[in-house]
Structures are given as structure tokens and as C-alpha cells.
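Asks: give me a model of this one.
(one chain, ligands or ions: 1)
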Amino acid sequence: MALASGVRFAPRALLRPWALLRGTTLGRTEPAAGGGGDGARRFGSQRVLVEPDAASGVAVMKLRNPPVNALSLELLTELVISLEKLENDKTFRGIILTSDCPRVFCAGLDLTEICGRNPAHCAEYWKAMQELWLRMYLSSLVLVAAINGACPAGGCIIALSCDCRVLADNPKYRIGLNETLLGIIAPFWLKDTYVNTIGHRASEQALQLGSLFPPAEALQVGLVDQVVPEDQVQSTALSEMARWLAVPDHARQLTKNMMRKATADRLLRQRDADTQNFVSFVCRDSIQKSLQAYLEKLRQRKG
Ligand SMILES: CC/C=C\CC(=O)SCCNC(=O)CCNC(=O)[C@H](O)C(C)(C)COP(=O)(O)OP(=O)(O)OC[C@H]1O[C@@H](n2cnc3c(N)ncnc32)[C@H](O)[C@@H]1OP(=O)(O)O
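Replies: Sure, this is the predicted structure:
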């Protein structure tokens, strides 16, 4: 991790994400609708659409894993690879992360990845989740979350890993860490991310209660930075991006690193133990039963 001017401090090769890709179409490049030169070409993968604008140095990254952008192993992997690609391209200074699925930003962990699966699969999945968080949390780019839908649990963590959050003003778009309501526990690095954003007391309360905050409350507690009408989420995210990009990169990056490094290092120091804890916890019969019941409730709610 070089920390000189022009810093790039995101940890490299924490994992080899390519090795995780199964049947994805990453690297595909196609012209954006109505687009022309290189700056208007979009690329990405099956589940992550990247619309780069070389002129502004900003790329819009859209999650598109319908119906609810659940964080499947494939989505996690494709996100890491798309992020790495933009990090390595000096043209880009910022990413706006948003959803291509209506009404949902991200439903969090894909519960089918940890329900009825063997421990080896759960471990592989959890490592991919750790990897994405580390990459996002320590990214040298400015990350702005344009939250255009519901944002529970792992979805909230993706948003909190960004530098700034703009949430659409729709009472159905709730955000927070609701793990306890599923009978599971947020690991220390999710808890730390929460505490770093909204403080200890608010986190203590919200984590235990599994609170999902509607927009006005999310703004009040500090989970998001702006709440705007739905049709202004993208333009507001772009204005926020401009504000962050007005700061010299090296100063902003070093400051971000100073603020976040200790939290990330805590996970880096105990990644294996964290994986083992997660796997042994979710593979317990009682937890599997809770998760199955929760999934079943979600499926029935639909009908
Ligand atoms: C260990 C700690 C780290 C992280 C913890 C987690 O992230 S655990 C995951 C926690 N996530 C949730 O509690 C969100 C659950 N989902 C919802 O509340 C709603 O689906 C949501 C996101 C508000 C969207 O509502 P909507 O009405 O638009 O969709 P619907 O509920 O009908 O769901 C559509 C289908 O998607 C399935 N699904 C939803 N969430 C998940 C998920 N997290 N994992 C897997 N599958 C999910 C849902 O069952 C429906 O499936 P279908 O087969 O079509 O009935």
C-alpha cells in the first residue's frame, strides 16, 4: 500500500477475484445508448453495469441482479472486479453506485448462499463479502451511493462503505442493519462501520433492535447525507461527487485512509478467524432453521 502522493492504498490481491468467477461475462464492452467515443462506452458484467464518463472521471456503477440485487457470490465477485478495473484506470476519480433494479438498492446477503449450503461454500461466500467491503471501504476513489430503493443489512453495509449517501425519499426505502431480526449477528467490522457512521449509542440501539430507518429518520440519525425526491437522486449524487472531487486527490485519499485504516486493519488481522466464526455460526442447526423460516416468510409475503 503506497502512501505517497497519487496514493492508491486499496489492498491489492487480497483475493484473486477472477478465480471466483463462474460463468460470468465480465469485460464485455458495448457502446452506451446514444454514446459515441471511448468516454461514452460502457462495460461491466452480467450483474454490474458500468457507465464510464472519461471526461468527468466519474463512472456510474449499477447493480443489476434481479429481482432484489441480493449479494450472490457472483455479484460480489463482479463488483470487486469492476471496482478494481476502475481503480486501476487513472482516468477515474469517482464512482456513483446505484441500482438497476426497481425499488431495491440491495437486499443484502443472498440468503440462498448461506442456507442449506456446506461450510466450504459459506466460507468462500463470506471471504468474498469481506473482500468487497475491504475494497470499497479503502477505495482511493470517491464512492457516492445513490440509494434508489430498499437498503437492508448487507445493502446498508455497501452504502456505508461509500463516502457519501443520497437516499430517495420514499417511505418504503428503508435502510439499516436488521440482522438480529433474522436471528443472526452483524460481525465486528459491520458493527464498526455502523459506529463510525452514526456513533456508538445510536448503533447499540439500532443493531439490537434491527432497526430499518425510513428516509427522514435515516437522515436524522446520520445514516445518509441527503434525502431527495426519487427523480433527483442521480443529479444530487453527481453534485455531491463534484463537491468531493473539488478536493485534491492526494489530500482526500490520505485523510480517508487515516480515518478508515484502523477499522479495516482490524478485519485484515483476523480475517480467517472472522470467516470461521461466521461459518460455524450460520451452519448451526438453529441458525439454519431461522434463516429458512425467514426466507420462507419472504417468499410467502409475495403471494
Ligand atoms: C452476517 C451479517 C451480514 C449481512 C446480513 C444480511 O445481509 S442478511 C440479508 C438481510 N436482508 C433482508 O432482510 C432483506 C430481505 N428482503 C426484503 O425485505 C425484500 O425482499 C425487499 C428487499 C424489501 C424487496 O421487497 P420486494 O417486495 O420488492 O421483493 P420480495 O420481497 O417480493 O422479494 C423478491 C424475491 O427475492 C427474494 N429475496 C429477497 N431478499 C432476499 C435475500 N436477501 N436473499 C435471497 N433472496 C431474497 C424473495 O424471497 C423473493 O423470492 P421469490 O422466489 O421471487 O419469492
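
Asks: ok, now which ones touch the residue of the stretch 101-250 of the chain found nearest the ligand?
Replies: In the stretch 101-250 of the chain, the residue found nearest to the ligand is Gly108; the distance is 2.6 Å by CB to the nearest ligand atom. In this view, the C-beta of every residue, glycine as well, is placed from N, C-alpha and C. Shown in contact with Gly108 (CB atoms under 8 Å, 6 or more residues apart in numbering): 70-71, 152-157.

Asks: could you dump those into TSV with pLDDT, secondary structure and distance to the ligand added?
Replies: Converted to TSV, those look like this (pLDDT from 0 to 100; DSSP: H, G, I helix; E, B strand; the rest coil; distance: CB to the nearest ligand atom, whole Å):
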residue	pLDDT	secondary structure	distance to the ligand
Ala70	98	coil	4
Leu71	98	strand	7
Pro152	98	strand	4
Ala153	98	coil	3
Gly154	98	helix	3
Gly155	98	helix	7
Cys156	98	helix	8
Ile157	98	helix	7
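
Asks: which of those count as buried?
Replies: Buried members of these, counted by 16 or more other CB atoms under 10 Å: 70-71, 152-157.

Asks: ok, which stretches of the stretch 101-250 of the chain are helices?
Replies: Counting by DSSP state H, counting those that start in this stretch, one finds helices in the stretch 101-250 of the chain at the ranges 119-137, 154-160, 188-198, 200-209, 215-221, 233-245, 249-269.

Asks: what's next to the third one, contact-wise?
Replies: In other words, helix 188-198. Outside helix 188-198, the residues that reach it (CB under 8 Å, 6+ apart) are 130, 133, 137, 157, 160-161, 177, 179, 186, 203, 206-207, 221-223, 259-260, 263-264, 266-267, 274.

Asks: weed out the non-buried ones from the residues you listed.
Replies: Among these, those scoring as buried are 130, 133, 137, 157, 160-161, 177, 179, 186, 203, 206-207, 221, 223, 260, 263-264, 267, 274 (criterion: 16+ other CB under 10 Å).

Asks: so for the protein, the centremost residue is which one?
Replies: Centrality entry for the chain: nearest residue to the mean C-alpha point is Ile158, 2.1 Å, by CA atoms, centre = their mean.

Asks: please report phi then psi for the residue of the stretch 101-250 of the chain closest to the ligand.
Replies: phi 90, psi -160 (degrees, to the nearest 10).

Asks: now swap in Arg117 and tell me
Replies: Dihedral angles of Arg117 (phi, psi; degrees, to the nearest 10) stand at phi -110, psi 160.

Asks: spatially, what comes nearest to it if we skip its sequence neighbours?
Replies: Closest residue in space to Arg117, ignoring its immediate chain neighbours: Tyr125 at 7.6 Å, by CB to CB, 6 or more residues apart in numbering.

Asks: just confirm the one you found contacts Glu113, I think it does.
Replies: Yes - with contacts defined as CB atoms under 8 Å, Tyr125 counts as touching Glu113 at a distance of 4.7 Å.

Asks: shared neighbours of the two, anything?
Replies: The contact sets of Tyr125 and Glu113 overlap at Leu73 (CB under 8 Å, 6+ apart).

Asks: adding distance to Lys172, write the buried ones among the contacts of Gly108 out as a markdown table.
Replies: Putting the buried ones among the contacts of Gly108 into a markdown table (distance: CB to CB, whole Å) gives the following:
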| residue | distance to Lys172 |
| --- | --- |
| Ala70 | 17 |
| Leu71 | 20 |
| Pro152 | 12 |
| Ala153 | 16 |
| Gly154 | 18 |
| Gly155 | 14 |
| Cys156 | 15 |
| Ile157 | 20 |
